[in-house]
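Asks: sharing a model prediction with you, sequence too.
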Amino acid sequence: MDRVIVTCAITGAVHTPTMSDFLPVTPQQIIDESIAAAAAGAAVIHLHARNPETGEPIGDPDVFARFLPQISQQTDAVLNVTTGGSPAMTVQDRLRAAARFEPEMCSLNMGSINFGFFAAARRITHWKYEWEEAYVKNSDDFIFRNTFRDIAYILETLGASGTKFEHECYDVGHLYNVAHFLDRGLIKEPFLIQMVFGILGGIGADLENLVYMKQTADRLFGREQYSWSVLAAGRSQMPFLTQAALLGGHVRVGLEDSLFIGHGKLATSNAEQVRKAVGIVREMGKEPASPAEARQMLALKGKTCTKF
Ligand code: KMH
Ligand code: ZN
């Protein structure tokens, strides 16, 4: 039986509270959403933190400390801490939580790109919080910085504690950046590529691109040396992960990447998206991987080796 690792990215840093009442913001909401997503079949939970009062994305490890241990105590899911943070953070800020908690996994963005989510402001006339409007609109001038030096710094800092990476690749060139760090010995096999589609500034969510990314990864890394997963932003989320699962990939869902469950219909929880993804996986005769299976496939160090 084929096992598919379902990752759920609970809240992220792109969406803002005005866009959906269901976006988790407080530590308790992040805990509840994570536990429900894990119970629905997510083996990996990808986490960002937000200011509990305003919902603004933040990197403060003290806020992560208010949900990481609680989630870890109540589920067996693998906890994956972001190092992408938000447009408002420096690379050092982005790394603080992962460096303190030494999780089994953290994200690692494999190149610098334009990262525009300003289109989301089009239909909004009234914002819940003051920070939101400028935050969203200014993304037309945002460069998501991930230089070779930044990537090396993150690999060295977190690699030393045995943390493995969700290597987020937003375009074909990012796969070559992974190959570069493999050559330098900073990335070690086995590793996980998270292919990201449909971000304005990254590769589009078209099937031809998915096939090309997969073929390029196979050629660069060899089929057996790596695992791969797919996420697509916004409305492409579910159709695209269906295509990825058909091709043998793992999948990522969550309100970080899309607020919707169907055309124009807001998802009422992360778990709702996980249930839908699990249904798609099962329709193909595959099964969602358990956390233990995900740990084995991704060669993770184990829950007891984290600092939370
Ligand atoms: N929201 C994803 C497209 C990170 O956390 O490092 C990007 C992401 C970045 O997941
Ligand atoms: Zn993220």
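Replies: Cool, the structure landed. In this text the structure is predicted, and so the values were computed from the model without any measurement. Ligands and ions are numbered 1, 2, ... in the order given.
Asks: show me where pLDDT drops low in the stretch 1-150 of the chain?
Replies: Within the stretch 1-150 of the chain, the set of residues satisfying pLDDT under 70 comprises 1.
Asks: and it, which residues reach ligand 2?
Replies: For the stretch 1-150 of the chain, the residues found near ligand 2 under the criterion C-beta under 5 Å from the ion are 12, 82. In this view, the C-beta of every residue, glycine as well, is placed from N, C-alpha and C.
Asks: in the stretch 1-150 of the chain, what residue is nearest ligand 2?
Replies: Per C-beta to the ion, the residue of the stretch 1-150 of the chain with the smallest distance to ligand 2 is Thr82, at 4.4 Å.
Asks: what about that residue, distance to Leu108?
Replies: 10 Å (C-beta to C-beta, to the nearest Å).
Asks: ligand 2 contacts on the stretch 201-308 of the chain?
Replies: Within reach of ligand 2 by C-beta under 5 Å from the ion, the stretch 201-308 of the chain has no residues at all.
Asks: isn't Arg114 up against Phe142?
Replies: Quick fix: residue 114 reads Asn, not Arg. Yes: the pair Asn114 / Phe142 is scored as a contact, 7.2 Å apart, by C-beta atoms under 8 Å.
Asks: and these two? Which one has more around it.
Replies: In terms of neighbours (other C-beta atoms under 10 Å), Phe142 is the more surrounded of Asn114 and Phe142; the figures are 18 against 15.
Asks: give the contact list for Leu210.
Replies: Contacts for Leu210 were tallied using C-beta atoms under 8 Å, 6 or more residues apart in numbering; they are 195, 197, 230, 240, 243-244, 247.
Asks: of all those residues, which two lie farthest apart?
Replies: Spatial extent of the contacts of Leu210 (C-beta to C-beta) is set by the pair Phe197 and Leu247 at 12.9 Å.
Asks: give me the residue from the chain nearest ligand 1.
Replies: The chain approaches ligand 1 most closely through Gly84 (2.2 Å), counting by C-beta to the nearest ligand atom.
Asks: that residue is in contact with Met110, isn't it?
Replies: No: using C-beta under 8 Å, Gly84 and Met110 do not qualify as a contacting pair, with a distance of 10.8 Å.
Asks: among the contacts of Leu210, the buried ones, what's the ChimeraX command?
Replies: The ChimeraX command for the buried members of the contacts of Leu210 (criterion: 16 or more other C-beta atoms under 10 Å) is given here:
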select :195,197,230,240,243,244
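Asks: how about the strands in the stretch 51-200 of the chain?
Replies: 57-58, 78-81, 105-109, 113-114, 143-144, 164-169, 191-197 (DSSP state E, counting those that start in this stretch).
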